[in-house]
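*Asks:* sequence unknown, structure follows:
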């Protein structure tokens, strides 16, 4: 404890047996309640290295944490009370923006929204965007390879990262902070650390790729008879817009019914009676480098052509103002809140080949209904990336907690078996953490798992980094 | 030998002491002349695995090879005559195109151009495009993370690959052939194998990401007083076209003078006297989803605005026909041929932050001229990605071979020191192979090299895969 205090300053070490540490030791969904030997908050890369050298010398496990917004229990310690909780929140400097290279260099503890604002101040766009952006950190985004609503156009956190600075479990610093679009100088260390959930080392800073800001953003809601109609609209707009689609989200009727019930204030005006949707609703967004006038005209022409060409396409509502566009997005963003208000449910963050989505949804819903008659799949997500949030609610009249306790493992099993049968993944954008560790063992191939174990042993031979996560 | 013949068929094993194997053992630039114990050409993934199991049991080194187009000696054996040359050329099946998922699954030995054509037949675009596309293979493209002329818009081979099938050095098959845009199910094995140049395992098949085909492609040549003017044009078009630029290439006056001298037939009509360029010439290409009429009008308006805004911008020639666009590209593609006709030169495939390019070129050219008075830097390349081919020709009157023998190591040293000082990489898109192995040791950080050695030891503990490459 004295060595830690000497490394980072006594103010930045909280002993585990002292004050309430639940802000660090309990995850945001309150499924995992751990304990820490201490919470340490270094103020820079050199201090992170010093802490890791101490932990390494004493063989103390280390759990790195950013904004503590993991949805899979990835960033809280177990309940042994042995681990050092390493908070990266004080590494919060934007080290620089290189506008001509369209890159931003920032430390791991910078809040995503702060980084977005720094890019905007330089006239550029950091397109990583997700629900937790006001509290999650860049380090956590990269450690979990975060996705979000603009992956379709700009890629995941992985594709937005050009360079990393990482501290190894032994406390060495790898300076890979290069802002290069092409670099073939040895093995790809960067992508190995991205998505490794703090189990191989600690990301302390990154060079992120920025994009030109689109002059005009166009938004619309559309209703579709079936998911295949939504996909026909997607393929058509993707081809005819030159890949200018930035978001293509779907919501099933149950998802909208939940919003209508629990969050009626989030139902957009002019959309018809709340909760009357029978098919799938699409929220789509397209970027255009031109001014609003010609951009909107072109957008509405594209939509009108689609309406003529796709029989299963119903109403189409291009937003007529920024306020209306925001209202459309509020509907989409209200779904998780409405779900939370409704009570616990069984969540699946999955991805499939886009072409397999309709068959998957039909098969998974049938399997869930056969297992739990009356259970209601709430399905929504980033369908342009093949990514669905496929959540299962208790049948009406059944207490959600009882439903979860009795059915979660079985429902996960049938849904993940369906995912595997359709060539998908059990984790699209949330990672593995603790929640999906067993499922990974079942659904990842033995050869892949053996290779991953070798990588873990090579880079963290003592097994100190975020133990019990991923593998 | 009998075991090999039993695994792949006697017709597909060529003994090293038999017929002329120089098509496999000599690289295309004829800098590396090796010998093989045998050349083995398996016909499928299972046969690759069988060969690797045999090699592993006998501790025989294995050199994987596709089209043998490496520019860094990455795919030919050393001269010990101990290695098995594993040709992947018979793994040449397109396993499928999923148009609705916009993916193509193909084996490692498929020629890049064949894969491009398969995508086109499905109405889609495989945007990986490079000079060797008529003879290089997908496996080699992925093993070296190939770049090319459309990286600006579509990324390197890495960004175009969604899934891989790999045979490990011990002959196990990892089936990671997933066609997913989001997948966070454990460590990123895919990106570790991509760019590892056959030193960690053998890529046998891949799922590639396809894109919508643009309806119209627009091309122009522009002359700029300085490289900074070319970059001003780049930034402006990038922002105002919504990222629709697919290529942005520069050529310095020496590069064009070489074409004018050695390949006068490749000089485009209507461009003024051959070789008269004093500044930098830009070749740019932009994609548009609309028909030719409005797309061309918008393109010419964008260029005219740029001409008014950037004082250092001289002539602008938007191509008026597909034939003229092809002629513009022929000028660019003629540069390497003109260089070859001129004789040997000292080649550097480097990348820098785009913002540092003008300062780098000034510093590197000055350093080269100080070292070798009269030497002529021929500089061209994919400047939108920060990637330059910076080649140094002998002073007039000095025999190229003598110049190379006397100066190559020194010139490399000063150019790579300049690259490092400006935050760049010594290998942008060609890889390390044998040619740059020593330079990598000098210019990659010791921490990075130590991490890479651990990965190599973890995945190829016997050191059998493509020994002497990369590390």
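*Replies:* Cool, got the structure. Here the structure is a predicted model, which is why all the values come from computation and not from measurement.
*Asks:* Distance of residue A:94 relative to chain B?
*Replies:* With distances taken as CB to the nearest CB, to the nearest Å, residue A:94 is found 17 Å from chain B. Yep, even glycine has a C-beta here, placed from its N, CA and C like the rest.
*Asks:* you'd agree that residue is up against residue A:104?
*Replies:* Yes - counting by CB atoms under 8 Å, residue A:104 is a contact partner of residue A:94 at 6.8 Å.
*Asks:* is it true that residue A:403 lies in a helix?
*Replies:* Yes - according to DSSP: H, G, I helix; E, B strand; the rest coil, residue A:403 belongs to a helix.
*Asks:* Could I get the contacting residues of the residue nearest to it when sequence neighbours are not counted?
*Replies:* Spatially, and ignoring its direct neighbours in sequence, residue A:403 is nearest to residue A:394 (3.5 Å; CB to CB, 6 or more residues apart in numbering or on different chains). If a contact means CB atoms under 8 Å, 6 or more residues apart in numbering or on different chains, then residue A:394 has A:343, A:345, A:375, A:376, A:400, A:402, A:403, A:404 as its contacts.
*Asks:* Among those, find the lowest-pLDDT one for me.
*Replies:* Within the set of the contacts of residue A:394, pLDDT is lowest for residue A:343 (89).
*Asks:* how near is it to chain B?
*Replies:* As defined by CB to the nearest CB, residue A:343 lies at a distance of 27 Å from chain B.
*Asks:* that older thread, find residues that contact each of residue A:94 and residue A:104.
*Replies:* Shared contacts of residue A:94 and residue A:104, defined by CB under 8 Å, 6+ apart, are found at A:115, A:118.
*Asks:* what's around the closest residue to residue A:383 other than its chain neighbours, how many residues?
*Replies:* Excluding its sequence neighbours, the residue lying closest to residue A:383 (CB to CB, 6+ apart) is residue A:250, at 4.4 Å. The number of residues packed near residue A:250 is 26, by other CB atoms under 10 Å in any protein chain shown.
*Asks:* give the contact list for residue A:250.
*Replies:* Shown in contact with residue A:250 (CB under 8 Å, 6+ apart): A:227, A:230, A:280, A:281, A:282, A:283, A:379, A:380, A:381, A:383.
*Asks:* circling back: need the buried ones from the contacts of residue A:394 selected in PyMOL.
*Replies:* In PyMOL syntax, the buried subset of the contacts of residue A:394 is picked out as below (16 or more other CB atoms under 10 Å in any protein chain shown):
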select buried, chain A and resi 345+375+376+403+404
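*Asks:* Now the two most distant members of the contacts of residue A:394.
*Replies:* With CB to CB as the measure, no two of the contacts of residue A:394 lie farther apart than A:376 and A:402, at 15.4 Å.
*Asks:* Who's the closest spatial neighbour of whichever residue of the stretch 301-450 of chain A sits closest to chain B, skipping the chain neighbours?
*Replies:* Closest to chain B within the stretch 301-450 of chain A is residue A:355: 3.5 Å, counting by CB to the nearest CB. Excluding its sequence neighbours, the residue lying closest to residue A:355 (CB to CB, 6+ apart) is residue B:100, at 3.5 Å.
*Asks:* The one you found reaches residue A:352, doesn't it?
*Replies:* No - using CB under 8 Å, residue B:100 makes no contact with residue A:352, being 11.5 Å away.
*Asks:* who's more crowded, these two?
*Replies:* For residue B:100 and residue A:352, the more surrounded residue by other CB under 10 Å is residue A:352, and the numbers stand at 31 against 16.
*Asks:* Distance-wise, check the nearest residue to that one once chain neighbours are set aside relative to residue B:442.
*Replies:* Distance criterion CB to CB, 6+ apart; nearest residue to residue A:352, sequence neighbours excluded, is residue A:424 at 3.7 Å. Applying CB to CB, to the nearest Å, the value for residue A:424 to residue B:442 is 45 Å.
*Asks:* neighbour-wise, which of those two wins?
*Replies:* Taking neighbours as other CB under 10 Å, residue A:424 and residue B:442 compare with residue A:424 leading, 28 against 13.
*Asks:* Ignoring the adjacent residues along the chain, who's closest to residue A:287?
*Replies:* In this structure, residue A:287 finds its nearest non-sequential neighbour in residue A:214, 3.5 Å apart by CB to CB, 6+ apart.
*Asks:* Can you say which helix or strand has residue A:106 in it?
*Replies:* Assigned by DSSP states H and E, residue A:106 belongs to strand A:103-107.
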